[in-house]
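>>> the amino acid sequence is not available; the structure is as follows:
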């Protein structure tokens, strides 16, 4: 069975060749991302997901912060490749920063102590769904994106640069923009390795 939802999931791919040639207005992009995050499920409808949407020079600044955080960690002979990779992210229209609000998680733990150990994990589940929802929504709109994880090395710089609350925990970054390259063929592991079905 195939459905429009499956077709959308198949359209979502990692695009590393990003540009700024989008027909969409910034407000429309913001609303799309906000709607996607808003509709994501969460345990007890706690809604722990937070997002910061960076455009233009703000997005470029974020990737500069990542570059400077990586400089002392990456061997000098390999840093040029790292710079090129980060520049490809900065070349897009913007970047979505995904966070989990630890205060929301702590409140759940206090309100429902029976499940206290599970709420941090469930918060991560919800954040992963938010990332997938935004990525799929962008793909459906013809916008390229990829998912990156440069936390925690840049967390404090992000808090200082954009006044992010200390309870917001950075979990992922999604640069997005126009498609400026083709996708390679995608491979899949065998279904027999991935699934077990009992009927």
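That came through, no problem. As the structure is a prediction and not an experimental result, all values here were calculated from the model.
>>> can you show me the strands along this protein?
Using DSSP state E, the strands of the chain run over 18-19, 49-55, 94-101, 144-145, 168-179.
>>> number of nearby residues for residue 121?
11 (other CB atoms under 10 Å). C-betas here are computed from N, CA, C, even on glycine.
>>> between strand 94-101 and the longest helix along the chain, find me the angle.
Using DSSP state H, we find that the single longest helix of the chain is helix 119-140. Relative orientation of helix 119-140 versus strand 94-101 (axes from the mean of the first three to the mean of the last three CA atoms, to 10 degrees): 160 degrees.
>>> now helix 119-140, how far from the centre of its chain.
Distance of helix 119-140 from the chain centroid (CA atoms, centre = their mean, to the nearest Å) equals 8 Å.
>>> now do stretch 115-135
With CA atoms, centre = their mean, you get 12 Å for stretch 115-135.
>>> what lies in contact with it?
Identification of contacts with stretch 115-135 by CB atoms under 8 Å, 6 or more residues apart in numbering yields 12, 33, 36-37, 39-43, 46, 48-49, 51, 96, 98-100, 104-105, 108-109, 112, 145, 147, 171-172, 174.
>>> likewise for stretch 98-114?
By CB under 8 Å, 6+ apart, stretch 98-114 touches 43-44, 46-52, 115-116, 119-120, 123-124, 126-127, 130-131, 134, 164-165, 167-174.
>>> for the longest helix of the chain, buried residues please.
The neighbour-count check on helix 119-140 (16 or more other CB atoms under 10 Å) flags 119-120, 122-123, 126-131, 133-139 as buried.
>>> ok, stretch 172-187 next?
Quick answer for stretch 172-187 (16+ other CB under 10 Å): 172-180.
>>> could you do stretch 12-27 as well?
Buried-residue list, stretch 12-27, by 16+ other CB under 10 Å: 12, 15-19, 22.
>>> other residues contacting it?
29, 32, 55, 85, 88-89, 91-93, 132, 135-136, 139, 141, 143-147, 175-181, 183, 186.
>>> tell me how many other residues crowd residue 38.
12.
>>> state the distance from residue 174 to residue 116.
Counting by CB to CB, to the nearest Å, the separation of residue 174 from residue 116 is 30 Å.
>>> make that residue 127, sorry
Where residue 116 is concerned, residue 127 sits at a distance of 18 Å (CB to CB).
>>> just residue 72 next, same as before
38 Å.
>>> for burial, what's the neighbour tally of the residue lying closest to residue 67 once chain neighbours are set aside?
Among residues not flanking residue 67 along the chain, residue 86 sits closest, at 5.1 Å (CB to CB, 6 or more residues apart in numbering). If you count neighbours by other CB under 10 Å, residue 86 ends up with 20.
>>> with the one 5 residues further on instead?
Other residues near residue 91 number 19, with proximity taken as other CB under 10 Å.
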